[in-house]
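# sequence isn't available, so here's the structure alone:
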């Protein structure tokens, strides 16, 4: 008895395992249909108007097919031909297909929810599945709805220098009450400015209050002229009426030039500067930047000489230079350290630079005067010594002549 009971329960367990194991495996691989997208044309219909709906059907299973036996539009309040797509056929795993239905909407305004019904058999299953997908249809007088309208928000640097890279961000937002579709954005050409990205962009659709951002990368040339440059932006799109709309935008950026001044050469006329003699100091100032230096002025400071110590040079263009000329009278000799201050303006504002300089002034007196003034005691001693020597020589010659006479 116990043996029979044990055999019976063992047999039941085996049967249950055999029954449920394949079912579980089959269920995990069954096809599953879904609607991934739908498009209603026109988007908003007037009462009684003819419209269409196109639905995209996808089999989300990977390895299982679906045998679609029937697809039809279920819309009790709509006028339509009750067209049914029978025996559509097999839809493989991961595949999609599209179906379009035509209909006339009711004559009363409002929002309606007709349904797409899809009848299919998952592969490996005898059970018939039905997918019901409701979608909204808006019936309204178009004049009461705000057409699609694109607002363009631009983000661009206020200023750049020639040769700089820069980025322009465009954010397109649909501020209307209906969708904008088939949006084309074209970036116009600008002299000396180059694209690092494509100049044309396509946006399929923007729903009301939806936004889309485009990031554009540019590079300016080293020869880009200073001043304001304007990047043209042309936009075309379709709205509720399907009439193409054109919209022109622009983005402005200031190209500024920065001057870089420095001293390229210094010379004096005459070459040897002497005390109490006027001379000309010529200082050449060059501009190694990419912008004009305007209102350039050079000033000599902390040099204790009289004369003209300011020079107005005006404008110095890039890769050019200009002389600052000073006329001075040195009141003393020696080596003098002083400073030259240069002030100017460019597109970025006012600037001042200071350069350290040196000047050697010689004494203008002759050698005799120098000796007389600076070495008087030495000169007197030399005269005394020479006089003594000459006296001794004279006495010696006198006694020598006298000795000859006596002898």
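Arrived safely. All values derive from a computational prediction rather than experimental measurement.
# give me the below-cutoff pLDDT ranges for the protein.
Low-confidence regions of the chain, defined here as pLDDT under 70, cover residues 1-29, 87, 142-145, 365-379, 396, 398-407.
# for the residue nearest to residue 81 when sequence neighbours are not counted, give the beta-bridge partners.
Using C-beta to C-beta, 6 or more residues apart in numbering and skipping the chain neighbours, the partner closest in space to residue 81 is residue 102 (7.1 Å). For the C-beta atoms, the positions are set from N, CA and C on the backbone; glycine is no exception. With beta bridges defined as DSSP bridges, residue 102 has these partners: residue 52.
# just checking, residue 102 touches residue 78?
No - look at residue 102 against residue 78 with C-beta atoms under 8 Å: they stay out of range, at 10.0 Å.
# what about those two, which has more around it?
Neighbour count, other C-beta atoms under 10 Å: between residue 102 and residue 78, residue 78 has more, with 18 against 14.
# how distant is stretch 214-231 from the center of its chain?
Here the centre of stretch 214-231 is set off from its chain's centre by 9 Å, with C-alpha atoms, centre = their mean, to the nearest Å.
# list the buried residues in it.
By 16 or more other C-beta atoms under 10 Å, the buried positions in stretch 214-231 come out as 214, 216, 218, 220, 224, 226, 229, 231.
# what about residue 252, distance to residue 132?
Look at residue 252 and residue 132: by C-beta to C-beta, to the nearest Å, they are 54 Å apart.
# please state the offset of stretch 231-243 from the chain centre?
Averaging C-alpha positions (C-alpha atoms, centre = their mean) puts stretch 231-243 26 Å from its chain's average.
# repeat for stretch 123-143
From the chain centre to the centre of stretch 123-143 is a distance of 47 Å (C-alpha atoms, centre = their mean).
# same deal with stretch 313-320?
For stretch 313-320, the distance to the chain centre is 30 Å (C-alpha atoms, centre = their mean).
# what's that stretch in contact with?
With C-beta atoms under 8 Å, 6 or more residues apart in numbering as the contact definition, stretch 313-320 has outside contacts at 257, 259, 261, 285-298, 322-324, 344.
# could you redo the last one with a cut-off of 6 Å?
If you take C-beta atoms under 6 Å, 6 or more residues apart in numbering as the criterion, stretch 313-320 is touched by 287, 289, 290, 292, 293, 294, 296, 322, 324.
# taking the residues you listed together, which two end up most distant?
With distance counted by C-beta to C-beta, no two of the contacts of stretch 313-320 lie farther apart than 290 and 324, which are 22.2 Å apart.
# mind listing what residue 251 touches?
Counting by C-beta under 6 Å, 6+ apart, residue 251 makes contact with 154, 156, 168, 231.
# one more pass at 8 Å, please.
Taking C-beta under 8 Å, 6+ apart, we find residue 251 in contact with 154, 156, 168, 170, 230, 231, 233.
# spatially, which two of the residues you listed are the most separated?
Among those, the pair separated by the greatest distance (C-beta to C-beta) is 170 and 230, at 14.6 Å.
# residue 67 contacts residue 118, doesn't it?
No - distance between residue 67 and residue 118: 11.4 Å, which falls outside the contact criterion (C-beta under 8 Å).
# of the two, who's got more company?
Summary of the neighbour comparison: residue 67 and residue 118, criterion other C-beta under 10 Å, with residue 118 having more neighbours (24 against 17).
# any idea how far the more buried one is from residue 77?
Distance check for residue 118 against residue 77: by C-beta to C-beta, it reads 21 Å.
# likewise residue 387?
147 Å.
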